[in-house]
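# coords please:
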Amino acid sequence: MVSKQDYNYENNLHSIDRQTVIILLLIQDDYLSINKLAKKFNCSRNTIIKDFKTINGRFPQLKIASSRMGHKITGNEVAIRLTIYKLLLYQNRLTYSFIKDLRYSISKARQLVINTQQRMKINFSENSIEQLAYLLVFIKWRILKKFTIQEDSEYNWIATNTTNVLTTCEDLLRSLIGEKVCNGEIVFFSKIILCSQATEVNCVNKNLYKDLNNIAQDIIFRYEQLTEQQISYKLFTKVLCNHLYATFFRVKFDVPFSSSEVDEIKRQYPELIKFTTIACAPLENYLRKKLPSEEIALICLYLGSVSQKNYHDLTNSDKFRRASLADVLVVCSSGIGTSAMLYQELRKMYPLIKFSLPLEIRDLPNIFKHDYQAKLIISTAILSSTKYPIPVVNVRAVITKHDQSLIENILRQKYPLKVEHNTSVVNSLVSIINEYADVKDESGLRQSIDHFIFPKSKNVKKSNLPTLGSILPTERIMVYHNNTTDLTWQKALQLGCNLLERDGIIDQYYFEKIVQLINQYGPYMLIANDIFLAHAAPSISNKNIGLSLILFDHSLEINTCNQYASVTCLFVLSPGLKHEHEKALEQLVDIVRDNNNVERLLKAESPRDVRKILLSCS
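Numbers count the residues shown, from 1 in each chain. Here you go, the predicted model:
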């Protein structure tokens, strides 16, 4: 067993690493003194106090308490295990090093996970196999130190809704520990297994499979309606459905999910996050829980990666044949998902380079057995640079500037004619600048000049798009007193369409198109509780972008296609032909997802008051 004395940490660690070390030390000891930690890390007491505050914010389930004896974890064993699991998901190097130093066989644990796949009819991603193996070693260490999990309340639910999961996990843990384990341990690891990312999942019962498949289709449909992108391909529906299993189980079992890709997409694609949030309402309704922002961002990574041109139902032979003709192989641990977003970005940046469609790690040996012309692998999963006959660049799914610099340096070496289309101009400018300035990063300067002179295609700037206030004047807001039951949803929708038709925004047929969609798909566009956004795809019926709003005294019922919705605010949107409505829609989503804003709207007594509230919130 490793003790805290055996495990040496460096001084002057980065704050995140220092906080990780503190967590690992807390797990090994009853109490930790602030003074001793400050001395250990060669920093001030205030720094350590801030570290504890940050740890409590990131891992509240640990419940770190302080006393005169020091700081101590008061959370249960489940909280400790889930904290380690979360650090493994983040690929935290110190956590991996700590578990390696426990001196149990990682390779044996990994083989147990691989063997488990066949029995449970599930194919884990490469990252999941690695994370599960390391977590298993940590679990073994904890059990042998007599720290066990007794809680097994989900045992019957898992037994009823899955096939062969509990028995497989029981056998796996018995092989790992060398003795029988309690039901609480079996249930805990079964949950982690079900929550792990996989490319194939065939261990759930037929009802759950059917429900999640339908939910995947509903999410895709809602996303298509919001973004006007066609992504409902058979292959992608299957991929999203497989991903939703893990999401479903994580939310149901309160198992956290985190990754650097998720953090990056939340930062870079806030508008897609908002549309994905609305699209995921069917899953939230099914779970009767709100999805955490990390889960929304991960689903967004899948939805945002799809375009009409590059998701096709390809056979393996088609995929390998296309890969053999590619200049660059694009890879991720699951083969489709995170690398699909990467694929999209790379195609935009380097239109003359042929990139393979997203591949799995396990595809690479097959490709290199035959003729190939690729000179580079770009991967969102960690690949060894010495294992393959061509160079490897490991990057994030959402490319950072550092990632782009690494990619471009190698592409300029391997495919100069396809990248250096503007070499002479850039070289001349770099030479001139070098004469008058001391350039410390010539490569970065060259790249910046290249992109400035030969900019990639850009989308319309959001700042130039119409705002919510500009497309929803007071004249198109109505407060309707529906004290009787005479008002149907069709009549209410007609009122909203009339406001737009009166101003020449739509024609009379637009109303019929929305009715047809609701009759076909049910009340598909609830963007928040009791908030309905009625709209149809752009067509000749849309003359301009515009919005109308009707608020009701009493809830209006929409009951069709075996689906029910209660509506108090009805927005009718006429979208722009070129996504001009996106900024206004983002502002609207921000407003109605806040319950306080909705309450203020419902209490408004006049259209003027309604507009003031909307403008003050946007």
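
# This structure - how does it break down into domains?
Domain assignment for the chain by automatic domain parsing gives 106-201, 206-303, 316-419, 423-453, 464-617.

# quick one, which of those is nearest to Gly70?
Of all the domains of the chain, it is domain 106-201 that lies closest to Gly70, at 19.6 Å by CB to CB. Glycine gets a C-beta too; all of them are placed from N, C-alpha and C.

# Which parts of the protein are strands?
64-67, 70-73, 122-124, 198-201, 328-332, 359-360, 376-379, 392-394, 477-480, 526-528, 531-534, 546-560, 563-574 (DSSP state E).

# What confidence value was assigned to Ser339?
In this model, Ser339 is scored at 61, pLDDT.

# again, but for Val306
So Val306 comes in at 63 (pLDDT).

# Might you list the low-confidence residue ranges for the stretch 501-618 of the chain?
Counting by pLDDT under 70, the stretch 501-618 of the chain contains low-confidence ranges at 578-579.

# One more pass at 80, please.
524, 529, 562-563, 576-580, 593, 618 (pLDDT under 80).

# relative orientation of the helix ranked longest in the chain and strand 563-574 in degrees?
Counting residues, the longest helix found in the chain (DSSP state H) is helix 206-227. Put simply, helix 206-227 runs at 20 degrees to strand 563-574, going by axes from the mean of the first three to the mean of the last three CA atoms, to 10 degrees.

# what helices or strands is helix 206-227 leaning on?
Packed against helix 206-227 by the contact rule (3 or more CB pairs under 8 Å, 6 or more residues apart in numbering; DSSP states H and E) you find helix 234-253, helix 270-279, helix 281-287, helix 293-303.

# in it, what's buried?
By neighbour count on 16 or more other CB atoms under 10 Å, the buried set for helix 206-227 is 211-213, 215-216, 218-227.

# same deal with stretch 566-576?
Buried-residue list, stretch 566-576, by 16+ other CB under 10 Å: Val567, Thr568, Cys569, Leu570, Phe571, Val572, Leu573, Ser574, Pro575, Gly576.

# got a markdown table for the helices and strands packed on helix 206-227, with distance to Leu112 too?
Putting the helices and strands packed on helix 206-227 into a markdown table (distance: least, CB to CB, whole Å) gives the following:
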| stretch | distance to Leu112 |
| --- | --- |
| helix 234-253 | 20 |
| helix 270-279 | 35 |
| helix 281-287 | 30 |
| helix 293-303 | 27 |
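
# Out of the ones you listed, indicate the one that is most buried.
helix 293-303 (a mean of 23; mean count of other CB atoms under 10 Å).

# List the contacts of Leu173.
Ile139, Val181, Glu185, Ile186, Phe189 (CB atoms under 8 Å, 6 or more residues apart in numbering).

# what two of those residues are the furthest from one another?
Pairwise over those, using CB to CB, the maximum falls at Ile139 and Ile186, 11.2 Å.

# neighbour count winner among these two?
Ile139 (27 against 24; other CB atoms under 10 Å).

# quick one: the more buried one from Leu342, how far?
With distances taken as CB to CB, to the nearest Å, Ile139 is found 33 Å from Leu342.

# still on that earlier bit, among the domains of the chain, where is the model least confident on average?
domain 423-453 (a mean of 68).

# Can you give the distance of the longest helix of the chain from its chain's centre?
16 Å (CA atoms, centre = their mean, to the nearest Å).

# which outside residues touch it?
161, 204, 229-232, 236-237, 240-241, 244-245, 248, 272, 275-276, 278-283, 286, 299, 303, 521, 524-525, 535, 537, 579, 585.

# One more pass at 6 Å, please.
If you take CB atoms under 6 Å, 6 or more residues apart in numbering as the criterion, helix 206-227 is touched by 161, 231-232, 237, 240-241, 244, 275, 279-280, 282-283, 286, 303.

# And for stretch 529-543?
493, 504, 506-507, 509-510, 513-514, 517, 525-527, 566-575, 577, 592.

# same thing but 8 Å
225, 228, 493, 496, 504-507, 509-510, 513-514, 517-518, 523, 525-527, 555, 558, 565-577, 588, 592, 595, 598.

# ditto for stretch 97-116
By CB under 8 Å, 6+ apart, the list of residues contacting stretch 97-116 reads 1-2, 6-7, 24, 84, 122, 124, 129-130, 132-134, 136-138, 140-141, 168-169, 172, 175-176, 193.

# which regions of the stretch 1-150 of the chain lie under the pLDDT threshold?
Those would be 1-14, 29-30, if you go by pLDDT under 80 across the stretch 1-150 of the chain.

# what number of residues lie near Leu500?
Leu500, neighbours per other CB under 10 Å, totals 23.

# Is it in contact with Phe571, as I believe?
No - the criterion here is CB atoms under 8 Å, and Leu500 misses it with Phe571 at 10.8 Å.

# Now the common contact residues for the two.
With CB under 8 Å, 6+ apart, Leu500 and Phe571 have common neighbours Leu547, Ser548.

# From Lys274, how far off is the residue nearest the centre of the chain?
Centroid-nearest residue in the chain, with CA atoms, centre = their mean: Leu298, separated by 1.1 Å. Distance, Leu298 to Lys274, by CB to CB: 15 Å.
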